[in-house]
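1. okay, here's the prediction I keep looking at, along with the sequence it came from:
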Amino acid sequence: MSDVLPTGPEPVPAPPPAKNGWLNYAIDFGPLLVFFLAYKFSSGGEGAFAATTAAIKGTVAFMVAIVIAMAVSKWKLGKISPMLWMSSILVLGFGALTIWFHDERFIVMKPTIIYAAFAALLLGGYWFKKPMLKYLLQSALEGLTDRGWLLLSRNWGLFFAALGIANHVMYEMIQAKQMSFDLWLTIKVWGVTALSFLFTFSQVPVMLKNGLAVPDEAAADKN
């Protein structure tokens, strides 16, 4: 999750806050979907130049979408989380470089930098006993203890580190012409999104063991 944990050219994925989870995911992954659709609808031509043109059109659409996502976050949630701020700055910065140099490599490089930054921040916080994920999300999972936030920070830090390494490997494969930009984008949009959802759900036992409040209905069913 941004308010939650996107990336590729998208906000980084993050665990959803206790409330408005669907909206947080829409804010995080909506701009990435916009980029994907804009790229696909613009990539009808042939040759490297056509692919680059489609990537640039997708980048422009994504930059507009991320600004809209920030506005919606401020309007509906009353805030723009530090994660969304950082992701948006990098999206706009690398998007501008992509447009200026007509080079889609900047799009592929951006997720590695985002993932590495969040991994360093979260794991550094874990080392110094600071639950950075709680501060970055600026949200509360009701009842979750500081130890629970600390464990989530560690686990998400490791997850981001793994994503960063994987994205760098794919970048090198694209450079060596062993992978296409299209395949990378498909993995980024669908593969990373699916992995983020699965990883979020895998952290539920950690949260439950560390004080996460269970809704009354769920508690009644459990009993």
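-> Cool, got the structure. Numbering: from 1, shown residues only.
2. contact partners of the helix or strand that contains Lys110?
-> Lys110 belongs to helix 105-127 when assigned by DSSP states H and E. For helix 105-127, the surrounding residues in contact (C-beta atoms under 8 Å, 6 or more residues apart in numbering) are 7-10, 12, 55, 59, 83, 86-87, 90-91, 94-95, 97-98, 131-133, 136, 150, 153-154, 156-158, 160-161, 163-164, 167-168, 170-171, 174-175, 181, 184, 188. From N, CA and C alone the C-beta is placed, and that goes for glycine too.
3. please redo it, this time with the cut-off set to 7 Å
-> Helix 105-127 is contacted by residues 7-9, 12, 55, 59, 87, 90, 94, 97-98, 131-133, 150, 153-154, 156-157, 160-161, 163-164, 167-168, 171, 174, 184, 188 when judged by C-beta atoms under 7 Å, 6 or more residues apart in numbering.
4. show me where the chain has its helices.
-> 21-42, 48-72, 82-101, 105-127, 132-137, 146-175, 181-186, 192-202, 204-209, 216-222 (DSSP state H).
5. and those helices, which is most packed in?
-> helix 132-137 (a mean of 23; mean count of other C-beta atoms under 10 Å).
6. out of the helices and strands in this structure, which is least certain?
-> Of all helical and strand segments in the chain, the minimum by mean pLDDT, DSSP states H and E falls on helix 216-222, at a mean of 47.
7. for this structure, give me the ranges with low pLDDT.
-> 1-21, 44-51, 138-140, 213-223 (pLDDT under 70).
8. let's go with 80 and repeat that
-> Along the chain, the model assigns pLDDT under 80 to residues 1-25, 43-52, 136-142, 212-223.
9. OK, contacts around the nearest residue to Tyr115 once chain neighbours are set aside?
-> Nearest non-adjacent residue to Tyr115, counting by C-beta to C-beta, 6 or more residues apart in numbering: Gly164, 3.4 Å away. With contact taken as C-beta under 7 Å, 6+ apart, Gly164 is in contact with Thr112, Tyr115, Ala116, Ala119.
10. state the distance from the first one to Leu212.
-> Relative to Leu212, Thr112 is positioned 32 Å away (C-beta to C-beta, to the nearest Å).
11. could you do the third one as well?
-> Note on Ala116: its distance to Leu212, by C-beta to C-beta, is 29 Å.
12. do the same with the last one
-> Using C-beta to C-beta, one obtains 24 Å as the distance from Ala119 to Leu212.
13. could you do the second one as well?
-> Noted for Tyr115: a distance of 26 Å to Leu212, by C-beta to C-beta.
14. how about Asn24?
-> Separation of Asn24 from Leu212 (C-beta to C-beta): 17 Å.
15. Gly191 too?
-> For Gly191 relative to Leu212 (C-beta to C-beta), the value is 28 Å.
16. which one's more surrounded, the two?
-> Leu212 (18 against 13; other C-beta atoms under 10 Å).
17. tell me the contacts of that one?
-> Neighbouring residues of Leu212 by C-beta under 7 Å, 6+ apart: Leu141, Gly143, Leu144, Gly148.
18. can you go through these and name the buried ones?
-> Buried members of the contacts of Leu212, scored by 16 or more other C-beta atoms under 10 Å, are Leu141, Leu144, Gly148.
19. hang on, the second one packs against Val206?
-> No. Taking contact to mean C-beta atoms under 7 Å, the distance of 9.5 Å between Leu144 and Val206 leaves them out of contact.
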